[in-house]
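A.B. asks: sequence unknown, structure follows:
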Ligand code: CDP
Ligand code: MG
């Protein structure tokens, strides 16, 4: 026993040490990244998140691209870009050599599937070719991207190539950010934006061509768009659809679109040598760190691209590498750069910049660098074999980001990044056996692993009555559809027969999670739509509070001053109100450790929500100053499914699932003298414990009033009552499912 214990302890100590080292280095890395922070700008925007480039950073982005072109580097492609103008660069891309054949193919076919190596020019060139061919005479050319960052950065690049201002002929549109104008003929957008546009414009009449880019990613919205597009194409014989895919699973797209031709852009790639690990590493950060340093110390020049899981591990890796490199004797200069979607835009563009002469660049990235972004000069790839995937667990009705092994297709894509400009090497930090025996051949499409409430609501309003019969390329699990229907029913968006309710119809109009849209609608009835619009906007932007590494206490104290003890949501509202009161001053933000950028973004989002509310004739009303109880009630109306009851100090349990839910130390409710009996929360995050994020205290009566299908008012003492309630809930779910089945039968009967 005790030997084992000692060993265990030792193991724990080792892990603890590693964690410490990681934490320390992550701190070093991030302060390094923000280092030399220029006063007001310092600390701003490092949570810019998915919202990426603002106008300033957009031009920074363009600048850095120009700098790259002007400066060149030691690798072939950049040497090339050093001496060539943009139009010459365009002619050098693989897609250029097949331009005319490709355009003929598109003229002759309504749908064309295009494959080609990453970097062959699909994303940046196709739209321009189509424009040159005159397709924009009849409508816009739309190009969808699964990622916001890609939509923005590619639009910036194409605007530069076309020689226009971003937002003129070339623009982009992502949720809550539309940089297009009357003039725009080439529009990059997220797939979600086009899907929403199909609500207004079911035949997509404003487009002459749609390019569905990065289709191999099989994002949820891309998959839904496939089904929608297939119908639109039937009605509009003049519309052209181009589906591009980096990998070779194009056959599936071809079949889905009734045998559309596949046009392969001949690649220009160099051989990549593969090296597998001999054993499975204990820790992928540690393994990656060692490999990076080994490459750096022993192998010929050439930049390194490392595929890591997520932000935390990326920062840790960067930090540890930098630290250890400092300690190594005779270590040549190494520039270590992180890359993930939450990274501020100006730091993202750094990966495209040329390192100084004799300096090796090492980029540590999420799978965003797999196909969406192309960095020149990579010779070595280090693949941990993992990525973070959003996985939906229908049992607890929750999406969670999970570290998951990548598929063979991803691994091969990663490997390919080493051979773009010269022969390269790919180091896989897993065994050859793991590759063949443990990895899936290709990814499970998002549609089969995430919550579908949003999609279901959208399809319902597109008139798709029976989701079980919608033309999905890969249908989602029936359970997930039923669960989503159930969630929508609980929120009052659909009725017992699965038809949209008037509230549901309004909810679709908001580009928000159904629960947040519901909050806005209920708020009107409660007379606090003004406040709720702010709460929802604040929830839609990345991190509001700024907590610099060396000033934790000071910033925590500043944050606590904003606390509204009953609610994290109201705390956010409070921050926004105070910011307004201080004339939106950036200096006020710096002083109070809040991100000015996040607040400005919230204000933009709020303006857009107010627009939609106006269109929907939702009256804007504010409650009396500080009388915010009704706001909590509105919050309760959309999150009562996440109701939790107190169990101990800071400890709650979800009333429907029985899952433990703890107050997070950063919550306004944490460390209060009293803890409310009932709370609702936005989401549960699993780290060392199950933590509730964004919590609001609610009254028991509200739960009974707003969630009558789950809760009822009872006298004291009630274990039996609760289980009765749960039984009732199970019954409701069953009957709901039966009705959905029934509906399917009905539809089938009708079809006969
Ligand atoms: O879509 P695909 O991977 O086929 O290629 P692309 O994204 O159109 O990239 C074509 C070329 O443009 C590559 O050499 C990229 O490095 C370059 N590019 C760039 O310099 N800046 C961007 N924001 C996007 C692409
Ligand atoms: Mg591309």
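C.D. replies: In hand now; what should we look at? Please read these numbers as outputs of a predicted model, since none were measured by experiment. Ligands and ions are numbered 1, 2, ... in the order given.
A.B. asks: pLDDT-wise, which helix or strand of the protein ranks last?
C.D. replies: helix 55-71 (a mean of 34; mean pLDDT, DSSP states H and E).
A.B. asks: looking at this, residue 196 is in a helix?
C.D. replies: Yes. Judged by DSSP: H, G, I helix; E, B strand; the rest coil, residue 196 forms part of a helix.
A.B. asks: quick check, it in contact with residue 509.
C.D. replies: No. Between residue 196 and residue 509 there is no contact, the gap being 9.4 Å when judged by C-beta atoms under 8 Å. (Glycine included, C-beta is placed from N, CA and C.)
A.B. asks: what's the separation between the residue in the chain that ligand 2 sits nearest to and residue 227?
C.D. replies: Closest residue of the chain to ligand 2, C-beta to the ion: residue 123 (3.2 Å). Note on residue 123: its distance to residue 227, by C-beta to C-beta, to the nearest Å, is 23 Å.
A.B. asks: compare those two and say which is more crowded by neighbours.
C.D. replies: residue 123 (27 against 16; other C-beta atoms under 10 Å).
A.B. asks: quick check: pLDDT value at residue 737.
C.D. replies: Note for residue 737: predicted pLDDT of 60.
A.B. asks: again, but for residue 314
C.D. replies: pLDDT at residue 314 comes out at 95.
A.B. asks: same deal with residue 398?
C.D. replies: 58.
A.B. asks: so where do the strands sit in the stretch 101-250 of the chain?
C.D. replies: 111-115, 140-145, 170-174, 177-179, 186-190, 207-212, 240-245 (DSSP state E, counting those that start in this stretch).
A.B. asks: just to revisit the earlier point, surely the residue of the chain closest to ligand 2 touches residue 154?
C.D. replies: Yes. The criterion here is C-beta under 8 Å, and residue 123 meets it with residue 154 at 5.3 Å.
A.B. asks: shared neighbours, the two?
C.D. replies: 143, 145 (C-beta atoms under 8 Å, 6 or more residues apart in numbering).
A.B. asks: surely residue 382 forms part of a helix?
C.D. replies: No. Using three-state DSSP, the secondary structure at residue 382 is strand, not a helix.
A.B. asks: ok, back up a step: rebuild the strands of the stretch 101-250 of the chain as TSV, extending it with distance to ligand 1, mean pLDDT and mean neighbour count.
C.D. replies: TSV is the format used below for the strands of the stretch 101-250 of the chain (distance: least, C-beta to the nearest ligand atom, whole Å; pLDDT from 0 to 100; neighbours: other C-beta atoms under 10 Å):
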stretch	distance to ligand 1	mean pLDDT	mean neighbour count
strand 111-115	9	96	24
strand 140-145	10	97	25
strand 170-174	12	96	26
strand 177-179	15	93	20
strand 186-190	11	97	27
strand 207-212	10	98	24
strand 240-245	7	95	24
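A.B. asks: quick check: residues of the stretch 1-150 of the chain near ligand 2?
C.D. replies: Within the stretch 1-150 of the chain, the positions lying close to ligand 2 (C-beta under 5 Å from the ion) are 122-123.
A.B. asks: so what's the residue of the chain closest to ligand 2 up against?
C.D. replies: So residue 123 contacts 143, 145, 150, 154, 213-214, 244 (C-beta under 8 Å, 6+ apart).
A.B. asks: show me where the stretch 301-450 of the chain has its strands.
C.D. replies: 303-307, 334-339, 360-365, 378-383, 386-393, 398-405, 424-428.
A.B. asks: so of these, which one's packed in deepest?
C.D. replies: Of the strands of the stretch 301-450 of the chain, the one with the most neighbours on average (mean count of other C-beta atoms under 10 Å) is strand 303-307, at a mean of 27.
A.B. asks: and the contacts of that one?
C.D. replies: Here strand 303-307 has contacts from 75, 288, 292, 295-296, 317, 355, 360-367, 369-370, 375, 377-384, 387, 406, 414, 417-418, using C-beta under 8 Å, 6+ apart.
A.B. asks: partners of that strand in the sheet?
C.D. replies: strand 360-365 (parallel), strand 378-383 (parallel) (DSSP bridges).
A.B. asks: could you dump those strands into CSV with distance to residue 532 and mean pLDDT added?
C.D. replies: Shown next, in CSV, are the strands paired with strand 303-307 (distance: least, C-beta to C-beta, whole Å; pLDDT from 0 to 100):
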stretch, distance to residue 532, mean pLDDT
strand 360-365, 38, 96
strand 378-383, 45, 96
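A.B. asks: turn the ones you listed into JSON lines, including distance to ligand 2.
C.D. replies: Below are the strands paired with strand 303-307 laid out as JSON lines (distance: least, C-beta to the ion, whole Å):
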{"stretch": "strand 360-365", "distance to ligand 2": "16"}
{"stretch": "strand 378-383", "distance to ligand 2": "16"}
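A.B. asks: in TSV, list those strands along with distance to ligand 1.
C.D. replies: As requested, the strands paired with strand 303-307 are exported to TSV (distance: least, C-beta to the nearest ligand atom, whole Å):
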stretch	distance to ligand 1
strand 360-365	14
strand 378-383	11
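A.B. asks: between the ones you listed, which one is nearest to residue 279?
C.D. replies: strand 378-383 (15.9 Å; C-beta to C-beta).
A.B. asks: having no further points to raise, I will conclude here.
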